[in-house]
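> Here is a sequence with its predicted model. Questions after.
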Amino acid sequence: AQSVTQLDSQVPVFEEAPVELRCNYSSSVSVYLFWYVQYPNQGLQLLLKYLSGSTLVESINGFEAEFNKSQTSFHLRKPSVHISDTAEYFCAVSDSGNTPLVFGKGTRLSVIA
Amino acid sequence: KAGVTQTPRYLIKTRGQQVTLSCSPISGHRSVSWYQQTPGQGLQFLFEYFSETQRNKGNFPGRFSGRQFSNSRSEMNVSTLELGDSALYLCASSSSTYEQYFGPGTRLTVT
């Protein structure tokens, strides 16, 4: 069965500093990868996704993630964070086909002014 | 398009009672999935319905059940509530397997 590991449960970072949130998944022939963000008292919002093609995917608010098949990783990065990026971030994976999303435990990003 | 809506947003129940949660997907979406979110276990998949049929099921006891109606709206039911059922229950709809849109959730507290 597929599994996802988010190596850091909490990441504090100063405003305008870069950040990387790490995500590793168990090996599979073909996977679809996602990052979701959850703000307090809200549901999850899709941040970005990798389905196929370019291994580097970007979101509209400056986040990017790179699919690395050899390392089974899909780390999320942002070169300069804002206070408004404070939230919990979830990595998720789905095997190709009609299989449910499997989520990591989440990483709480706290941006400090 | 309106997003995924879930009702009620907050619910307090007593052990032993049962509860029904409702989810209205985005118009045109035929797949609805349910997840339980708790601080200890994180996000866990409950089940998925597609065109009124359960397509996938997670590892939850039979007290957790669901259904989907012809208009794609879905309900989930938990019978004989336990304290450990206190959680945020999230519903997600999709038009394809690969992209799910989540509702705001129903926060269930069991006392």
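Looks like it arrived, so ask away.
> switch to C-alpha atoms for all contacts and neighbour counts from now on
Will do.
> What about the residue of chain B found nearest chain A, how many residues nearby?
Residue nearest to chain A within chain B: B:Pro104 (4.1 Å; CA to the nearest CA). The local packing count at B:Pro104 equals 22, with neighbours defined by other CA atoms under 10 Å in any protein chain shown.
> Identify the residue nearest it in space, chain neighbours excluded?
A:Gly43 (4.1 Å; CA to CA, 6 or more residues apart in numbering or on different chains).
> before we move on, the earlier item: where does the residue of chain B closest to chain A land in three-state SS?
In the three-state summary, B:Pro104 is assigned as coil, counting by DSSP: H, G, I helix; E, B strand; the rest coil.
> Tell me the pLDDT of it.
Taken from the predicted model, the pLDDT recorded for B:Pro104 is 94.
> contacting residues for it?
Residues in contact with B:Pro104, defined by CA atoms under 8 Å, 6 or more residues apart in numbering or on different chains, are A:41-44, B:4-6, B:9, B:90.
> picking that back up, give me the number of residues near the residue nearest to B:Pro104?
Using other CA under 10 Å as the criterion, the residues surrounding A:Gly43 number 21.
> go on, B:Gln54?
Residue crowding around B:Gln54 was assessed by other CA under 10 Å; the count is 16.
> Not counting its neighbours along the chain, what's nearest the most centrally placed residue in chain B?
What sits nearest the mean C-alpha location of chain B, by CA atoms, centre = their mean, is B:Trp34, with 3.5 Å. Leaving aside its sequence neighbours, B:Trp34 sits nearest to B:Cys91 (CA to CA, 6+ apart; 4.6 Å).
> The helix or strand harbouring that neighbour - what's its average pLDDT?
When secondary structure is defined by DSSP states H and E, B:Cys91 falls within strand B:87-96. Strand B:87-96 comes out with an average pLDDT of 92.
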